[in-house]
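A.B. asks: one predicted model, sequence on top.
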Amino acid sequence: MNKKISSLAAFLVLVTVASWAIAPATENGRETNAKRVVDAAVGPVMKKNRIAGMAVGLAVGGKAYVFNYGLASRQPAKPVTDRTLFEIGSVSKTFAATLASYAQVAGFLSLDDPVGKFVPSLRGSAFGKVTVLELATHTPGGLPLQVPDSVHNDAELIQYLKDWSPSCPPATCRTYSNVSAGMLGLVAAASMHRDFAALVQDRLFSGLGMTGSYIHVPIAEMPVYAQGYTSNGVPIRVRPGVLADEAYGVRTTAADLIRFVEANIGEISVEPRLARAIAGTHVGYFRAGVLTQDMIWEQYSYPVAPGTLQAGNGPRMLFESVPATRIVPPEGPRDDVWIDKTGTTNGFGTYVAFVPAKRMGIVILANQSYPIKERVALAYRILSQLGGM
C-alpha cells in the first residue's frame, strides 16, 4: 500500500464519513439531528471494537435515512457507501420466515403442515412430523445451533434428519438453530416448487424494492461487497455451506434493509399478499425466557428496558434450550412491541429493531462481528434519543 493510500485509510478509520440517502438531499432539522445522534453513538463503538466500517439505517417519523462510516475495505482502501453490501448473518432468517408466511398466504402451505409433506424422504421420521410453525419458532424439539460438521451436502443432511430424535417434546422448548430456520426456508421453497434464493429475489427483494440485495452476489456487484474482518483484523467472508442460503445467506445494503423495516412497520406500500405475509411474521406463538417468539422475529412488550433486550439477545437464548409455553390462541400483531433480530458471521455483525407504535426502526451493519450486547445498547441509545422513548 503506498503512502497516499495508507494516509487515506487512516483518515477514513478515524474520521466518520457520513452520508444521507433515501430522504431528499436537502438538509433539514430532522436529518441534522439524526446525524448528530448517530455520529455521537457510533464513533465510540467503532473505536472500542476497531471496526473498519459501519452503516446505520433509520426509519423515524415517516422518513428514512442512511449514514455511512469508515471503510468497506482496508486494503485497498474503500469507504462505506450507500451501495456497500454487508453480510447480515441470521437476520437472513427473517426473509425465510417472510417467504414461509407468503407461501401460507398464497395457499402453498399451512403452518400446521408437517415437514414430510414437502420433503418426502423424511416421511415416517420424527423430523418429518415437525411442523412448519415449529421450524419458524425454533421449537421442533432440540436441534443444534449449527449444521453438524459431519454434514457436507443435502444427502447427508437428509440422513442426519432421518436419524434425529427430539431431546424434548416438540413445542415445549426453544432451541435456537440454523438447522431449524434453514429447513423453514427449504420447506417454504419446496411448497412453491422453486429454488429458495430465486424466490427470495423475485418475490421478496423485488416486491419490496430492495434493488441492491442478494443471496448470490453477481460478479458485477462484487466490487461493492464489503470485506469482513475478524476481531484480529484478518479479512474473512462467509463460506457456502449446507442451508447457508436459507439461514444466513443474505447480503444487502443499509438502504435496502431499512426499507424492509419500513415495510414491517407499515411505512411503505407493498402488494397485499406480501403485506399480509409480513404481518404474519409478527404473530406471537410462544413465550420463552424474556421474549415472545414470533416467526423468527423476537418480540418484547413496549416500553422495554435495555437489560431485557440484552437478556433476550444474550448467550442463554442463543446457546441453551429454554422452556417454551405456547400462546393459545396465538397473539396477533401488536403495535406496542419492540421487535428485533441479530445476525452474525465471522466477519460481520448486524442488529435490526423496530417499534411499530413509534413508527421507528433501525438497522446497524458492520463489517466485523462485535458483542451483541453492544449492538443492542447502540440501537437503544439512538432510538431513545430520536423517538422520545
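C.D. replies: Sure, I can see it.
A.B. asks: quick one: contacts for residue 147?
C.D. replies: 157, 178, 179, 182, 241, 242, 243 (CB atoms under 8 Å, 6 or more residues apart in numbering). To be clear about C-beta, it is placed using only N, CA and C from the backbone, and glycine gets the same treatment.
A.B. asks: just the helices from the stretch 1-150 of the chain, written as ranges.
C.D. replies: Assigned by DSSP state H, counting those that start in this stretch, the helices in the stretch 1-150 of the chain fall at 3-14, 29-49, 93-105, 132-136.
A.B. asks: list the helices and strands the second one packs on?
C.D. replies: Put plainly, it is helix 29-49. strand 53-60, strand 63-73, helix 372-387 (3 or more CB pairs under 8 Å, 6 or more residues apart in numbering; DSSP states H and E).
A.B. asks: one more pass at 10 Å, please.
C.D. replies: With contacts taken as 3 or more CB pairs under 10 Å, 6 or more residues apart in numbering; DSSP states H and E, helix 29-49 sits against helix 3-14, strand 53-60, strand 63-73, strand 360-366, helix 372-387.
A.B. asks: could you find the closest non-adjacent residue to the most centrally placed residue in the chain?
C.D. replies: Nearest to the mean C-alpha position of the chain, by CA atoms, centre = their mean, lies residue 91 at 1.2 Å. Of all residues not flanking residue 91 in the chain, residue 343 sits nearest, at 3.6 Å (CB to CB, 6 or more residues apart in numbering).
A.B. asks: surely the one you found is within a strand?
C.D. replies: Yes. Applying DSSP: H, G, I helix; E, B strand; the rest coil, one finds residue 343 inside a strand.
A.B. asks: that one: neighbour count?
C.D. replies: 24 (other CB atoms under 10 Å).
A.B. asks: same check, this time on the one 3 residues further on
C.D. replies: Per other CB under 10 Å, the neighbour tally for residue 346 reads 17.
A.B. asks: show me the contacts for it.
C.D. replies: Contacts for residue 346 (CB atoms under 10 Å, 6 or more residues apart in numbering) come out as 87, 89, 228-231, 234, 236-239, 368-369.
A.B. asks: hmm, try it at 8 Å
C.D. replies: Here residue 346 is in contact with 228, 230, 236, 238, 369 (CB under 8 Å, 6+ apart).
A.B. asks: tell me the bridge partners for the third one.
C.D. replies: Residue 236 has the following beta-bridge partners by DSSP bridges: residue 228.
A.B. asks: pretty sure it contacts residue 368?
C.D. replies: No. Between residue 236 and residue 368 there is no contact under CB atoms under 8 Å: 9.5 Å.
A.B. asks: spit out the residues that contact these two alike.
C.D. replies: Contacts common to residue 236 and residue 368, judged by CB under 8 Å, 6+ apart, are 228, 229, 230, 347.
A.B. asks: of those residues, which pair is most distant in space?
C.D. replies: Greatest spatial distance in the shared contacts of residue 236 and residue 368: 228 and 230, 7.9 Å, computed using CB to CB.
A.B. asks: quickly list what's touching both of these two.
C.D. replies: 236, 346, 347, 368.
A.B. asks: type out the PyMOL command that picks the buried ones from the residues you listed.
C.D. replies: The PyMOL selection below is limited to those of those classed as buried (16 or more other CB atoms under 10 Å):
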select buried, resi 236+346+347+368
